[in-house]
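# here is my input, please return the structure:
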Amino acid sequence: MAWRPHEYLLEGELDNTRPGRVTGWIRFAGMAQPAVFDLKGDFHRDIRGAKLHIRGNGRANDPEAAKYMKGFAGQQTGYAGDITAGLTPQDYTDYPYIEWYSDENGRVVLELEPSQVKVIGQPIPADRTKPLSRQEQAGHMAGFLTGMANALGVPAERAICVSDSPSSRQEHENSK
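Next up is the predicted model:
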């Protein structure tokens, strides 16, 4: 399962101007302060090297927001998943999709409409960079699923791994 707080998204800005890093902030209804991001990884090629401003349709005074967002960490560290505005080249989807693997909250996904995102700055030309490794992304998912299995009492050696990468399980273990 993924945490999907798009209903409570107010606004935010994610920055991938530093290669291998995604930083920024996102404000959600139900949280007193914005969540601050420091993730390893990159955006997809359509926006890599730029910033992404996002805005949602959440209402700051939504009475359900605090209940849903309870436990959502104010500091988000971990790995960038698939983060794209859905622009050309479409290496993943044709719509804005923001996913990360949080050390604090597991997998988090925001699926947005094109009108909810604005690219700030000039992305690296797509022909000067490679698509994200699907194997690496599968490794992030494998680590997340292994962590879920462990939380349910399933030992890591019995958890099913969805990645071809033998290092994905070890990487997850080392991140604890």
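# what's the neighbour count on Y95?
By other CB atoms under 10 Å, 16 other residues sit near Y95. Any C-beta I mention is one placed from the backbone N, CA and C, and that applies to glycine too.
# who's in contact with it?
For Y95, the contacting residues are 86, 111-114, by CB atoms under 8 Å, 6 or more residues apart in numbering.
# weed out the non-buried ones from those residues.
Neighbour counting over the contacts of Y95 (16 or more other CB atoms under 10 Å) leaves 86, 112 as the buried ones.
# what's the farthest-apart pair in the contacts of Y95?
E111 and P114 (11.5 Å; CB to CB).
# what do these two both touch?
Common contacts of E111 and P114, defined by CB under 8 Å, 6+ apart, comprise 95-96.
# correct me if wrong: Y92 contacts T84.
Yes: Y92 lies in contact with T84 (CB atoms under 8 Å); the separation is 5.1 Å.
# ok, the two, which is more surrounded?
More crowded of Y92 and T84, by other CB under 10 Å: T84, with 25 against 20.
# now the more buried one: how far from R18?
18 Å (CB to CB, to the nearest Å).
# check R4 too.
In this structure, R4 and R18 are 27 Å apart, going by CB to CB.
# common neighbours of Y92 and T84, please.
Common neighbours of Y92 and T84 (criterion: CB under 8 Å, 6+ apart): H44.
# can you list contacts of stretch 105-112?
Contacts of stretch 105-112 (CB under 8 Å, 6+ apart): 1-6, 9, 54, 56, 71-73, 76, 81, 95-102, 141, 144, 147-148.
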